[in-house]
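Peer 1: Model the following, please.
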Amino acid sequence: MELNKKAYDEYVKQITPVNELGSDMLHAFITGGIICALGQASVMLMMNYFGMEKEEAQTWMLIELILASVLLTGFGIYPKIVKWGGAGALVPITGFANSVVAPAIEYKAEGHVFGIGCKIFTIAGPVILFGVLTSWIFGIILLIGKSLGIA
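Peer 2: Next comes the predicted model:
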């Protein structure tokens, strides 16, 4: 019995990935920083060269980042960026777009309805659900706070 436990512990040690916290954080910082810098450069370009107002330029920048994420996911590049950059690639809106597109690509062989249609919100669905629910709860708390003169 003791021999099996030792063998199992050794097996677990072999297959458990070793993470370097410092380098993981640096990779996330660099990746997220590049995504944000590209977004800011896009906004500045549209404001300065195309004469857009700030809000309009920001809207177009979000569309550009989402489209880039979707295309990079489709070509298999964004998962490599996520593997290297971790949370730096998953946290921005590009990560959300990736989480919507990836299951659709994975299940496309099952057809448009039962593959793409059913699986496209596998990961993003709970994010949307709990995001809306949390916003609603905080909205109620704010409404009560305002009516009591607290907020």
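Peer 1: what's the closest non-adjacent residue to L142?
Peer 2: A151 (5.7 Å; Cβ to Cβ, 6 or more residues apart in numbering). Yep, even glycine has a C-beta here, placed from its N, CA and C like the rest.
Peer 1: Count the neighbours of that neighbour for me.
Peer 2: A151: 10 surrounding residues under other Cβ atoms under 10 Å.
Peer 1: how near is it to W136?
Peer 2: 16 Å (Cβ to Cβ, to the nearest Å).
Peer 1: same thing with E53?
Peer 2: Counting by Cβ to Cβ, the gap from E53 to W136 is 30 Å.
Peer 1: now do I30
Peer 2: I30 is 36 Å from W136, by Cβ to Cβ.
Peer 1: What residue, apart from its backbone neighbours, is nearest A97 spatially?
Peer 2: That would be S69: by Cβ to Cβ, 6+ apart, it lies 3.9 Å from A97.
Peer 1: Next: C118.
Peer 2: Going by Cβ to Cβ, 6+ apart, C118 has Y107 as its nearest residue, at 7.5 Å.
Peer 1: was I right about the one you found contacting G117?
Peer 2: No: between Y107 and G117 no contact is recorded; they are 9.2 Å apart, counting by Cβ atoms under 8 Å.
Peer 1: residue boundaries of the helices in this protein?
Peer 2: Remark: helices assigned in the chain by DSSP state H are 2-15, 21-49, 54-74, 78-85, 87-90, 93-106, 118-119, 124-147.
Peer 1: packing partners for the second one?
Peer 2: Spelled out, that is helix 21-49. helix 54-74, helix 78-85, helix 87-90 (3 or more Cβ pairs under 8 Å, 6 or more residues apart in numbering; DSSP states H and E).
Peer 1: Identify, out of the ones you listed, the most deeply packed stretch.
Peer 2: Of the helices and strands packed on helix 21-49, the one with the most neighbours on average (mean count of other Cβ atoms under 10 Å) is helix 87-90, at a mean of 20.
Peer 1: Does anything pack onto it? Which helices or strands?
Peer 2: Looks like helix 87-90 contacts helix 21-49, helix 78-85, helix 93-106 (3+ Cβ pairs under 8 Å, 6+ apart).
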